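**Q** What follows is a predicted protein model with its sequence.
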Amino acid sequence: MTWLITGGAGYIGAHVARAMLEAGERVVVLDDLSSGIAERLPAGVRLIRGSVQDRGLLDATLAENRVTGVVHLAGKKQVGESVEQPLSYYRDNVHGLTVVLEAVVAAGVRRFLFSSSAAVYGVPDVELVTESTPCVPINPYGETKLAGEWLVRATGKAHGLSTACLRYFNVAGAAAPGLADVGVYNVIPMFFDRLTRGEDPRIFGADYPTPDGTCIRDYIHVSDLAEAHVAVARKLSGDGGAGDLTVNVGRGAGVSVREVADLVSSVTRLPVSPVIEPRRPGDAAVSVASSELIAGELGWKASRGVREMIESAWEGWCLRHPEARRT
């Protein structure tokens, strides 16, 4: 098997590339490096620099590398930015996916794994989010992911592709310091950033109907997520393929923002006294994945805890911000 990973030099993509290579798969990466970092990729992985919207490049890449399956991770993923730039998000996340699928169908590739998101659910009012929980996205990012799922399934049905859509929950951690997320968009790096600048971290809302009043989220270690991709890829490659598979990828356990703050303090050995800010519009009180379906279908479950996520993320943060240890 040869897998093309679009966006494979990104934070999640590089972990997926490494995990698939270690599992014995041949891996090729297509990435425009707008947010990806070439040095993240392990030896043995060919990097082709370019856009998923370049049909000619896609056709050549699929043919020259005899690609038999595609993992599509390329796209934009910042919720706030999507509200400000919906056209950009629909162009990159929906049109870009369309171009990739057109090339896949033309090349006769029969396996396609799509990077989706828990953002498709919007603000679910349930204790555990199952794959049958209604999808009501509340921002353009979530809309593009849901539209992407529809497009992948429809293409699979029409052209005989074996497809899978993975709905990621809150991804954190790193397999190695050099692979850590360089963005400051999620709660853990946001806490690190504030602490490094000598400022108190912020918690948005402490009056939710939860035990400590703060939001509860399901965090998944990026290495677990990468291993889930390997399990899905093997399912797609098996006899008869996977048909049409849509699964949540999470731990099935919730952790509150205040608990994350306490763990950050313990790991960094820095005092953390969060400032309570007003709630942000659209934040659900609780968003925790049911992980029963992926366990039943693939025999896969997450094995790493939140403390390990924070420890590995902190090592990566300090690699890029050595002053953080002296804060």
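**A** Looks like it arrived, so ask away. Numbering: from 1, shown residues only.
**Q** Can you show me the helices along this structure?
**A** Applying DSSP state H to the chain gives helices spanning 11-22, 55-64, 79-84, 86-89, 96-107, 140-159, 187-196, 222-237, 257-268, 292-298, 306-320.
**Q** So which elements touch the fourth one?
**A** Counting contacts by 3 or more Cβ pairs under 8 Å, 6 or more residues apart in numbering; DSSP states H and E, the secondary-structure elements packed against helix 86-89 are helix 140-159. Heads up, the C-betas are built off the backbone N, CA and C, glycines and all.
**Q** Show me what the helix it packs on is packed up against.
**A** Going by 3+ Cβ pairs under 8 Å, 6+ apart, helix 140-159 lies up against helix 79-84, helix 86-89, helix 96-107, strand 111-117, strand 162-168, strand 244-249.
**Q** Could you pull up the residues touching the residue lying closest to residue 3 once chain neighbours are set aside?
**A** Once flanking residues are discounted, residue 3 sits nearest to residue 69: 4.8 Å by Cβ to Cβ, 6 or more residues apart in numbering. Residue 69 makes contacts with 1, 2, 3, 4, 109, 110, 111, 112, 113, 233, 236, 237, as judged by Cβ atoms under 8 Å, 6 or more residues apart in numbering.
**Q** go on, residue 127?
**A** 286, 288.
**Q** separation between it and residue 258?
**A** Distance from residue 127 to residue 258, counting by Cβ to Cβ, to the nearest Å: 19 Å.
**Q** which intervals of this protein have sub-threshold pLDDT?
**A** 239-242, 326-327 (pLDDT under 70).
**Q** Domain map for it?
**A** 2-171+219-249, 172-217+251-326 (automatic domain parsing).
**Q** Distance from the longest one to the middle of the chain?
**A** If I follow you right, that is domain 2-171+219-249. Put simply, domain 2-171+219-249 sits 9 Å off its chain's centre (Cα atoms, centre = their mean, to the nearest Å).
**Q** With the last one instead?
**A** If you compare the mean C-alpha spot of domain 172-217+251-326 with that of the full chain, they lie 15 Å apart, counting by Cα atoms, centre = their mean.
**Q** Run a quick check on residue 149 versus residue 120, I expect a contact.
**A** Yes - counting by Cβ atoms under 8 Å, residue 149 sits close enough to residue 120 to count as a contact (6.8 Å).
**Q** Please say which of those two ends up with more neighbours.
**A** residue 120 (24 against 20; other Cβ atoms under 10 Å).
**Q** OK, contacts around the more buried one?
**A** 135, 137, 142, 145, 146, 149, 167 are the contacts of residue 120 under Cβ under 8 Å, 6+ apart.
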